[in-house]
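[1] Provide a 3D model corresponding to the input given below.
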Amino acid sequence: MERKEFIERAHQMGYTEEEITEILDLHDSAEKAGITPPDYADELIERPVAINN
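    Below you'll find the model as predicted:
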């Protein structure tokens, strides 16, 4: 998954701008340190749905 696709999908899944920025910053930091970060798709987790009774 490319960076742009990750951002779009994260928005669709309800991630906040802060959460998206944090994930992108971690990826950038890892790459600068010579570490291969996980694919962006692996960072996206379905969030549970709250049901109010």
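
[2] pLDDT below threshold where in this structure?
    By pLDDT under 70, the low-scoring segments of the chain are 50-53.

[3] contact partners of the helix or strand hosting Ile23?
    Assigned by DSSP states H and E, Ile23 belongs to helix 17-32. For helix 17-32, the surrounding residues in contact (CB atoms under 8 Å, 6 or more residues apart in numbering) are 3, 6-7, 10-11, 36-37, 40, 43. For the C-beta atoms, the positions are set from N, CA and C on the backbone; glycine is no exception.

[4] Check which residues of it are buried.
    20, 23-24, 27 (16 or more other CB atoms under 10 Å).

[5] Now, the contacts of helix 17-32 that are in helices?
    Among the contacts of helix 17-32, the subset assigned to helices under DSSP state H consists of 3, 6-7, 10-11.

[6] are any of those residues buried, and which?
    With burial judged by 16+ other CB under 10 Å, the buried subset of the ones in helices among the contacts of helix 17-32 is 6-7, 10.

[7] quick revisit: out of the buried residues of helix 17-32, who's nearest Val49?
    Nearest to Val49 among these: Ile20, at 20.1 Å, using CB to CB.

[8] Against Thr36, how distant is His11?
    When distance is defined by CB to CB, to the nearest Å, His11 is 25 Å away from Thr36.

[9] Can you add distance to Pro48 and give the ones in helices among the contacts of helix 17-32 back as CSV?
    Output for the ones in helices among the contacts of helix 17-32, formatted as CSV (distance: CB to CB, whole Å):
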residue, distance to Pro48
Arg3, 26
Phe6, 21
Ile7, 22
Ala10, 17
His11, 18
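
[10] Return the closest of the residues you listed with respect to Arg47.
    Using CB to CB, the ones in helices among the contacts of helix 17-32 come closest to Arg47 at Ala10, 11.0 Å.

[11] dump the residue contacts of the closest one.
    Shown in contact with Ala10 (CB under 8 Å, 6+ apart): 19-20, 23, 44.
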